[in-house]
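**Student:** take a look and give me a structure for this.
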Amino acid sequence: MIKQGKDERYFRYCRAFGLLFFLVFIIYGNAFQASWHLDDYHNITKNPYLKITDLKPESLIQTFYAGFDKGLYPGNKISRPIPCLTFALNWYFGKENLFGYHLVNISIHFLTAFLLFLSILNLFKSPNLINKYQDSCYFIALLSAVLWAVNPIQTQAVTYIVQRMASMAAMFYILGLYLYLKARLTTSHVNRWICYLGCGLGFIFAIASKENAITFPIAVMLVEAIFFRDISQPKTRKLFFIGAIGIGIGILLIGSLLFLQGNPLFFLKGYENRLYTPLQRLMTEPRVVVFYLSQIFYPVPTRLSIEHDIAVSTSLIHPWTTMPAIIIIFALVGFGLLQMRKRPLVSFAILFFFLNHAVESTVLNLELIFEHRNYLPSLFVFLPISAGFKWLFDHYRQEKPSMHVMLVSFLTLVIIGFGLGTYIRNMAWATEETLWKDAIRKAPQSSRACHNLAWGYYELSGQFDKALFLYPKCLELTPPSKSNKSLTWNNMASVYYMRKNFEKAAELWETAFRIYPEVEFLQYRLALALTKSRKFEEALTNLDELLSNRPEHTDYIILKGSVLLEQQRLEQALAYFRKALRQKPYLPEVMKNLGTVFHLMRDYKRAELYFKNAHSLNPQEPVTLLWLAATNLKLKDTADVDRYLDNLFAVISVSKLQLLLETISDPENMISSQRELFILFPLISAKLSERIYIDAPQEGHSVNKPG
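**Tutor:** Numbers count the residues shown, from 1 in each chain. The predicted structure follows:
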């Protein structure tokens, strides 16, 4: 390898930095306003642990517990803390402004590409490569990083906001490898141990971003074996074989303690929800991985999707592609092992790819296919290809210049094509409508694509009729799991609930819960709909089951108190609301409920105190103002009655107030406690009449009309 001056080396680094920056931000330039999708909602926009209001240490630490599990935020276990912290910071500085989230994601992608470039440069300084590529190293490293960075298959890890978890894991992973290489190549003992420390921190930060980075120690061992040792020596092979076993056992133990809840077979948990067995998934994944490889090398946007129709392999011959895919995988891994000494770049690219698919593409209870899973495994895929291009360029430059021009033109077109493919693929991520319509075109049998178009676009945009039209169609398709089927029933129930058809909503939520009873929020919503349907005993039965598992869950406690309140079991209701108040002393809903109980008990002074607290916590809530007026009317404080009614007119429009009064005065919809508000109707009606009279055009005054 030809030595370069320090200034020249830094100039070349800066040139690579600038080129990668330019390419990445150009091809992702149309992704900055791509909308929220799929897991973004429950992981980010609806996650209470990420909505921080200050940068105090306790606020930042709470983001580490932002995990989502079966419809709940347990808050009792650290879950991917590094990306969650960054999501919280995005929220703090920009709330739901998409630009900031995408800026961070694209910056991570750029930094990962640059670290890949630096890592490959240092690989060429290793003992087994230092004399092989001479002055080709810079070109190969930069081309490898460019081909990886502009490849359209990376869009799912970059443009899909929540997959920052995958991209951050890859960034820290490659940072760890880079620092390991620096440690092995430096002659300074101090620098070596600083780099080893950084390597260890990179590993910790990588698994704190996503658990699949747990393969890092084996990747380090591959680097050591392929680039720093003579693997042809029997003693070396024996040493690495023993080391591989030791590292493998260590990974299993660490994984069991950190991620498998201390149970080595925990990864099998949840398969009762799947429509396939662990063995069937294991047989299916070779077909998926071969498909991934075809996408990496032929990544046209028409072949990329958030959903794919993948038939489950039920045997080695069904579908017939199962056995050929398994043979291809074994052949590639075997070739990689055999070429460790002779073709180290090819060997490392192959073994690194399959090593980093070993977690998500084997037997773990995960969805069958997601393109973002290639983000980390594909890091070195283009390394031997770039070396091959460099050899061809050098070979034909002198002997056949026309062929050299053709090769350069071809490679240029490939890079441009990859970049255009990325830009075009990002168009599909623009909105929920574009993403899921694209998914339905490419995976017409996908229940999830149909479901998410109905929910993520039509339901969230208020087009409920279109959503209700699509949901039954989703149920006709094969869902990826029982939970997804249950979720479709849940979403239909939500629409009926919003339309105040509570009995239909309860019926659908009961179906959803029967399909997948492990999801608690389905039973909670069933209890909520039963309460609104005035089926109080059935609601209490479901709430008692929920509270038997989670006796301190505030929402369950509040709803049970509300049911008891509607049954006029005031002392019991009071006990539940007081318990909720101890857990969340600043929750307006609990204050309002306590005020209601004391009002019904004729303890108007205490009722007023709680209503005032509720009003101070949420001054815009109209029902609290109604209760304050009603309570002060009982206390014969007419001045306060007028003041609270004036406040009511200030926070709610006349039309919305009329709708509110119609709702609480409807005997079929009215909850029993609100009958106490009847005494306000004459006063409110008088104020409404006065307001309508004032706002109406007076006789003798003309109203300008357009000509």
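
**Student:** just give the number of residues close to Ala467.
**Tutor:** Neighbourhood size, Ala467 [other C-beta atoms under 10 Å]: 23. All C-beta atoms are positioned from the backbone trio N, CA, C, and that covers glycine.

**Student:** could you do Phe216 as well?
**Tutor:** 27.

**Student:** which SS class is it?
**Tutor:** Using DSSP: H, G, I helix; E, B strand; the rest coil as the criterion, the local structure at Phe216 reads helix.

**Student:** give me the nearest residue to it, chain neighbours excluded.
**Tutor:** Leaving out its chain neighbours, the residue that sits closest to Phe216 by C-beta to C-beta, 6 or more residues apart in numbering is Phe203, at 4.7 Å.

**Student:** who's in contact with the one you found?
**Tutor:** Taking C-beta atoms under 8 Å, 6 or more residues apart in numbering, we find Phe203 in contact with Phe172, Tyr173, Gly176, Ala213, Phe216, Pro217.

**Student:** now could you export just the CA positions of the host helix or strand of it as PDB?
**Tutor:** Using DSSP states H and E, Phe203 sits within helix 189-207. Extracted as PDB, the C-alpha positions of helix 189-207 are listed here (Å, rounded to 0.1, in the frame of the first residue of the first chain):
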ATOM      1  CA  HIS A 189      -0.500   1.300  23.800                       C
ATOM      2  CA  VAL A 190      -2.600   4.200  25.000                       C
ATOM      3  CA  ASN A 191      -4.300   4.600  21.700                       C
ATOM      4  CA  ARG A 192      -4.900   0.900  21.500                       C
ATOM      5  CA  TRP A 193      -6.800   0.700  24.800                       C
ATOM      6  CA  ILE A 194      -8.700   3.900  24.100                       C
ATOM      7  CA  CYS A 195      -9.900   2.300  20.800                       C
ATOM      8  CA  TYR A 196     -10.700  -1.000  22.600                       C
ATOM      9  CA  LEU A 197     -12.800   1.000  25.100                       C
ATOM     10  CA  GLY A 198     -14.600   2.800  22.200                       C
ATOM     11  CA  CYS A 199     -15.100  -0.600  20.500                       C
ATOM     12  CA  GLY A 200     -16.800  -1.900  23.600                       C
ATOM     13  CA  LEU A 201     -19.000   1.200  24.000                       C
ATOM     14  CA  GLY A 202     -19.900   0.900  20.300                       C
ATOM     15  CA  PHE A 203     -21.100  -2.700  21.000                       C
ATOM     16  CA  ILE A 204     -23.100  -1.600  24.000                       C
ATOM     17  CA  PHE A 205     -24.700   1.300  22.200                       C
ATOM     18  CA  ALA A 206     -25.500  -1.000  19.200                       C
ATOM     19  CA  ILE A 207     -27.400  -3.600  21.300                       C
END
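
**Student:** okay, buried residues for it please.
**Tutor:** With burial defined by 16 or more other C-beta atoms under 10 Å, the residues of helix 189-207 counted as buried are Cys195, Gly198, Cys199, Gly202, Phe203, Phe205, Ala206, Ile207.

**Student:** got it, and stretch 119-133?
**Tutor:** For stretch 119-133, the neighbour count (16+ other C-beta under 10 Å) marks Ser119, Ile120, Leu121, Asn122, Leu123, Phe124, Ser126, Asn128, Leu129, Tyr133 as buried.

**Student:** quick one: end-to-end distance for that stretch.
**Tutor:** 15 Å (C-alpha to C-alpha, to the nearest Å).

**Student:** torsion angles phi and psi at Arg341?
**Tutor:** phi -90, psi -40 (degrees, to the nearest 10).

**Student:** who touches the helix or strand that contains Phe291?
**Tutor:** Per DSSP H and E: Phe291 is located in helix 278-297. For helix 278-297, the external contacting residues (C-beta under 8 Å, 6+ apart) are 151, 153, 268, 271, 274, 276, 303-304, 308, 310-316, 319, 321-322, 325-326, 328-329, 354, 357, 361-363, 365, 368-369, 371, 373-374, 378, 381.

**Student:** need the residues that contact the helix or strand following that helix.
**Tutor:** Where DSSP H and E defines the elements, the next helix or strand beyond helix 278-297 is helix 322-338. If you take C-beta under 8 Å, 6+ apart as the criterion, helix 322-338 is touched by 283-284, 286-287, 289-290, 313, 315-317, 346-351, 354.
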